[in-house]
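A.B. asks: Need coordinates for the below:
(chains A and B)
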There are 2 protein chains.
Amino acid sequence: MTLIATLPAEIGSPVEEVDTPSLLIDLAAFERNLARLASVVRGTPVNLRPHAKTHKSPVIALRQIALGAVGVCCQKVSEAEVMVYGGVGDVLVSNQIVGGSKIRRLLSLAKQARISVCVDNAANVSALNDAALVAKVRLPVLTEINVGNDRCGVEPGEPAVALARQVAGAPGLEFAGIQAYYGRAQHIREFEKRREAAHRGAEKVSQTLDLLRRDGLACRVVTGGGTGSYQFDIEAGVLTELQAGSYIFMDADYGRNLGERRDSVTDFEHSLFVYATVMSRPTSGRAVVDAGLKSVSVDSGMPVVHGMSDIEYDRASDEHGRLTLHDPGRELHLGDKIWLVPGHCDPTVNLFDWYVGIRERRVECLWPVAARGAVS
Amino acid sequence: MTLIATLPAEIGSPVEEVDTPSLLIDLAAFERNLARLASVVRGTPVNLRPHAKTHKSPVIALRQIALGAVGVCCQKVSEAEVMVYGGVGDVLVSNQIVGGSKIRRLLSLAKQARISVCVDNAANVSALNDAALVAKVRLPVLTEINVGNDRCGVEPGEPAVALARQVAGAPGLEFAGIQAYYGRAQHIREFEKRREAAHRGAEKVSQTLDLLRRDGLACRVVTGGGTGSYQFDIEAGVLTELQAGSYIFMDADYGRNLGERRDSVTDFEHSLFVYATVMSRPTSGRAVVDAGLKSVSVDSGMPVVHGMSDIEYDRASDEHGRLTLHDPGRELHLGDKIWLVPGHCDPTVNLFDWYVGIRERRVECLWPVAARGAVS
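C.D. replies: Below is the predicted model:
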C-alpha cells in the first residue's frame, strides 16, 4: 500500500531520467537468460517449472511458459493467486500450507487452475484431505523430503513412503510425487563440491523412489533443483521438473559461485539492478547513494557496484548506501546514477512496486511487481 | 502494488485468527512507549521530532504530535508527501535531496506544509536555491555535520560554517540550523561507552555552534539523537530537537543495548511483532514458520521468539524461518502461532501493507503502512 503511487519512469525516456531508487531490468540480458535455460532443458527429460518467488510477476511467468516452462512454483497461496489471476494455468505451491483459511483459498484456486502443493506432516495431509472433500476438489499433493536442506520435509526413505501412502489413501488427494529441494547446495562456491552435494541429494531421491515403486506408488512428478545446481540436477537424472528461479536475474551471491574452470559462473548474466543516485559526496574516498536497506536486501551480502570494481558498497542503513572509492582517480559526482547488483534478488524485488525494463539505455516497459508483499 | 489486496484480520476477532505472516502492534505497550518519551522530553529545552521512517504512518505521526511532538522527520520526499497528505503539518527531511525532479516535489510540498531539509554540499545548496527562487518558496535548510557517523555531512567546525554561510547568503533559502545525527552511537552496547560517544558527538556540535555564533549565524534548530542515546542527547544540552524513531516499537537490536545497571535497556517495551505460523515440524528439535526474509528484515540479526527464550530463530530464507528448539520439553505444534520481535523494526515495517493493532488479545484496528515502499 503505497498510498501515493508514482511511476518511476516515463516510457521511452533515457535511463538517466529514471527516478531512484528503482528496479531496472536489462531486457536483452534478461531475455538471453530466459532463452539459455529454456534451451538447456529442451531435449532432456526435465521440464522447467521456474520459481515465481523470484520475480512475483505474471508477465515474466508467461514469458517463461511461452519458452516451454510447464508452469511455475510459488511459495505462498497469495502469490499463487496473483499468478493464476494473471493468466498462469499451472502452479505448484512448493511449500506447506497450514491453517483452515489458507487451505480453503488454495482449494478455491484449484477449481480455477492446475494447482498442486507439498506436505511433510500427517496432520496437514488430513486437514488438506478434509477440506478437499468439502470443496469437492481432488488436489495433487507431493511429499517433500529433506535431502540436506534441514528445513521442511520428512526424511527420505521409509518416513517419506509412509507419508506418501497416507496421501495416496486419502480420497480428496492425489499422490503426485515428491519434492526434493536442496537450497543450501545452490550456494556452495566450489564447482565440484556443489556437484557432489547435488548428487548426494539426488541419491537420496533415487533411493526413496525405489521404495515408493516397491510400494506401488508411482511419482508423476519429482521436482527440485535451482539456479546454482541446474546442470547437476539435470545430469543426476532423477528430477522431472527443475525449479530454478534466479537464473532470469542472477544476483551478486550466485555470481560468487565458481564455474567448472574455477571462474565465476557465467551461464547467466546480471540483468536486475537497483538504480541509485549519489546524494552525498563528503570526502574524496566516500560517497553515499539513496538506496539502503529499504531498496536492496543485504541478507546475502552487500550489493555490488556494476562496472566499477574500484567502488565498494560497504554499509547500508535504511535509506543510505555508503560507497568507499578505492581508486583516487575515480570520478563520481553528486547526482551521478549507478547500477547496483543486489546481493539477493528475490527479497530485493519484493521491495519495489515496478520493474523498469531498459533496452539500449531507454525505458521500454513498466511491469508491476504484482505479488509484491504477497507473503500470506 | 499487491495486486490482490487482502486485509490480514477482522476487527474484533481474537489475535489467534489473524492471518500470518502479519505485523502486530501491542497497542498498550506502544502507547506506554509513546507516553514515556513524551514525558521525558517535557520540561526540557528539547522538542521531540520523531522519525517517521520507523512507522511510515500518518496515523502514528499524529498520535506523536498529539502528545507534544513538534512534527516528524522523513528520510525521503515521497515519505514526506505521505505524511503531509496524511495531515502532518511539519516535516524535516533529515537527508540530502538531489536531482531536479525530487527538489521540485520537495518545494511543492513546502507550499503546503512547514518543510525543511538538510544539505552537505555546495552544489546542492545552489540547486535548492535556484529551484526555490523559481518556486517562490523560502526553504528552511539545515547544514548536516558528521559527528562520527561517517556517512553524510560536512566536517564540523570550519567546513560546516562555510556551508552555513552559503545557505545564509542564498535568497531562496533560510539558514535554519544544523543536523548532527550519530546513528552508530545508538547501537554501542555498553551504557557508559554509548554515553561517551554521544557526548563526544555533542562536543563537536558545541564547537561548531560557537564558530557559527562568532559568524553571526544563529541556529534556530539543532537536531539529531535517537532511541539508543536519547538520555545523553538530552543531558548533553546542545540539541533543540530529538529525532528518536524506534522508541515506539523497540526491536531486538535496540533490546541488546545495556542499561545503566548493565541490564538490557528497559525504558521502552517491544510493541511490534511479526506474527507467524508453525508450518512444518519435521523433527523434535526443529520447526519452521512462515515468516522469512520477505516478512522480517535480518540486517541487524535474526528475529527473537517473544516469550520463548528456549526457541531460537536461526535461519531465514525467503518465506521460511527455521526454529531450533533447545528445550526438549517445549510443546510447539503445527499451526501454532508465535510472536517474533524483529531484529530491526524500520525495514521490517516496510515489508507490510497493514499494521494489526491488538489490545487484550483482540484486533482493535488496522492501520495502513501508508508510506510502505516510499523510497524515492
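
A.B. asks: And the helices in chain A, which stretches?
C.D. replies: Assigned by DSSP state H, the helices in chain A fall at A:27-41, A:58-66, A:77-85, A:100-110, A:122-135, A:158-168, A:191-214, A:230-235, A:252-255, A:345-349.

A.B. asks: can you list these in CSV and add distance to chain B?
C.D. replies: C-betas here are computed from N, CA, C, even on glycine. Compiled in CSV, these are given as follows (distance: least, C-beta to the nearest C-beta, whole Å):
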stretch, distance to chain B
helix A:27-41, 19
helix A:58-66, 9
helix A:77-85, 5
helix A:100-110, 7
helix A:122-135, 6
helix A:158-168, 9
helix A:191-214, 15
helix A:230-235, 18
helix A:252-255, 12
helix A:345-349, 4
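
A.B. asks: Go through these and pick out the most buried.
C.D. replies: helix A:345-349 (a mean of 26; mean count of other C-beta atoms under 10 Å in any protein chain shown).

A.B. asks: What is the neighbour count of residue A:190?
C.D. replies: Look at residue A:190: counted by other C-beta atoms under 10 Å in any protein chain shown, it has 12 neighbours.

A.B. asks: In contact with residue A:146, which residues?
C.D. replies: Contact partners of residue A:146, counting by C-beta atoms under 8 Å, 6 or more residues apart in numbering or on different chains, are A:152-156, B:282.

A.B. asks: measure it to residue A:307 for me?
C.D. replies: Look at residue A:146 and residue A:307: by C-beta to C-beta, to the nearest Å, they are 41 Å apart.

A.B. asks: how far does stretch A:239-254 sit from the chain's center?
C.D. replies: Computed by C-alpha atoms, centre = their mean, to the nearest Å, the chain-centroid distance of stretch A:239-254 equals 6 Å.

A.B. asks: Check stretch A:127-143 too.
C.D. replies: The mean C-alpha position of stretch A:127-143 is separated from the chain mean by 26 Å, C-alpha atoms, centre = their mean.

A.B. asks: what's the answer for stretch A:41-49, then?
C.D. replies: For stretch A:41-49, the distance to the chain centre is 18 Å (C-alpha atoms, centre = their mean).

A.B. asks: In that stretch, which residues are buried?
C.D. replies: A:41, A:46-49 (16 or more other C-beta atoms under 10 Å in any protein chain shown).

A.B. asks: List the contacts of the closest residue in space to residue A:67 that isn't next to it in sequence.
C.D. replies: Distances taken as C-beta to C-beta, 6 or more residues apart in numbering or on different chains place residue A:38 nearest to residue A:67, at 4.1 Å, with adjacent residues excluded. Residue A:38 makes contact with A:48, A:64, A:67-69, according to C-beta under 8 Å, 6+ apart.

A.B. asks: quick one: pLDDT of residue A:38?
C.D. replies: Note on residue A:38: pLDDT of 97.

A.B. asks: cool, and residue A:4?
C.D. replies: Predicted confidence (pLDDT) for residue A:4: 53.

A.B. asks: Would you point out the helix or strand in chain A whose mean pLDDT is lowest?
C.D. replies: In chain A, no helix or strand scores lower on mean pLDDT, DSSP states H and E than helix A:252-255, which sits at a mean of 91.

A.B. asks: so how far is that helix off the chain centroid?
C.D. replies: Relative to its parent chain, helix A:252-255 has a centroid offset of 13 Å by C-alpha atoms, centre = their mean.

A.B. asks: Report the buried members of the contacts of residue A:146.
C.D. replies: Neighbour counting over those (16+ other C-beta under 10 Å) leaves A:152-154, A:156, B:282 as the buried ones.

A.B. asks: Tell me which two of those residues sit farthest apart.
C.D. replies: Spatially, the most separated pair among the buried ones among the contacts of residue A:146 is A:152 and A:156, at 13.2 Å (C-beta to C-beta).

A.B. asks: residue contacts, the residue in the stretch 101-250 of chain A that chain B sits nearest to?
C.D. replies: For the stretch 101-250 of chain A, the residue closest to chain B is residue A:152, as judged by C-beta to the nearest C-beta, at 4.1 Å. Residue A:152 sits next to A:95-96, A:118, A:120, A:144, A:146, B:279-280, B:282, B:288, B:320 when contact means C-beta under 8 Å, 6+ apart.

A.B. asks: Let me know how buried the residue nearest to residue A:286 when sequence neighbours are not counted is, in neighbour terms.
C.D. replies: Distances taken as C-beta to C-beta, 6+ apart put residue A:324 closest to residue A:286, at 6.3 Å, once the chain neighbours are dropped. Per other C-beta under 10 Å, the neighbour tally for residue A:324 reads 14.

A.B. asks: Please narrow the buried ones among the contacts of residue A:146 to those residing in strands.
C.D. replies: residue B:282 (DSSP state E).

A.B. asks: May I see the buried ones among the contacts of residue A:146 organised as a markdown table, with pLDDT added?
C.D. replies: Formatted as a markdown table, the buried ones among the contacts of residue A:146 follow (pLDDT from 0 to 100):
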| residue | pLDDT |
| --- | --- |
| A:152 | 97 |
| A:153 | 98 |
| A:154 | 98 |
| A:156 | 97 |
| B:282 | 96 |
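
A.B. asks: Can you tell me which of the buried ones among the contacts of residue A:146 is nearest residue B:126?
C.D. replies: Taking C-beta to C-beta as the measure, residue B:126 lies nearest residue A:152 of those, at 57.0 Å.

A.B. asks: The closest one and residue A:181, how far apart?
C.D. replies: Taken as C-beta to C-beta, the span from residue A:152 to residue A:181 is 9 Å.

A.B. asks: Find residues that contact each of the two.
C.D. replies: By C-beta under 8 Å, 6+ apart, the residues touching both residue A:152 and residue A:181 are residue A:144.

A.B. asks: Point out the residues in the stretch 201-350 of chain A that sit beside chain B.
C.D. replies: Taking C-beta under 8 Å from any C-beta of the partner chain, the part of the stretch 201-350 of chain A that reaches chain B is made up of A:277-282, A:286, A:288, A:290-291, A:293-295, A:297-299, A:315-320, A:322, A:334-335, A:344, A:346-347, A:350.

A.B. asks: So among those, which ones count as buried?
C.D. replies: Taking 16+ other C-beta under 10 Å as the criterion, what is buried in these is A:277-282, A:286, A:288, A:290-291, A:293-295, A:297-299, A:315-320, A:322, A:334, A:344, A:346-347, A:350.

A.B. asks: any idea how far residue A:304 lies from residue A:342?
C.D. replies: Applying C-beta to C-beta to residue A:304 and residue A:342 gives a distance of 9 Å.

A.B. asks: returning to what we had before: just the buried ones among the residues of the stretch 201-350 of chain A next to chain B: which are in strands?
C.D. replies: By the criterion of DSSP E, membership of these in strands covers A:277-282, A:286, A:288, A:315-317, A:320, A:322.

A.B. asks: With distance to residue B:32 added, can I get those residues in a markdown table?
C.D. replies: Shown next, in a markdown table, are these (distance: C-beta to C-beta, whole Å):
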| residue | distance to residue B:32 |
| --- | --- |
| A:277 | 40 |
| A:278 | 42 |
| A:279 | 37 |
| A:280 | 37 |
| A:281 | 43 |
| A:282 | 39 |
| A:286 | 40 |
| A:288 | 36 |
| A:315 | 33 |
| A:316 | 31 |
| A:317 | 28 |
| A:320 | 31 |
| A:322 | 35 |
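
A.B. asks: check contacts around the most centrally placed residue in chain A.
C.D. replies: Geometric centre of chain A, nearest residue: residue A:54, 3.2 Å, by C-alpha atoms, centre = their mean. With contact set as C-beta under 8 Å, 6+ apart, residue A:54 has these partners: A:245-246, A:248-249, A:345-346, A:349.
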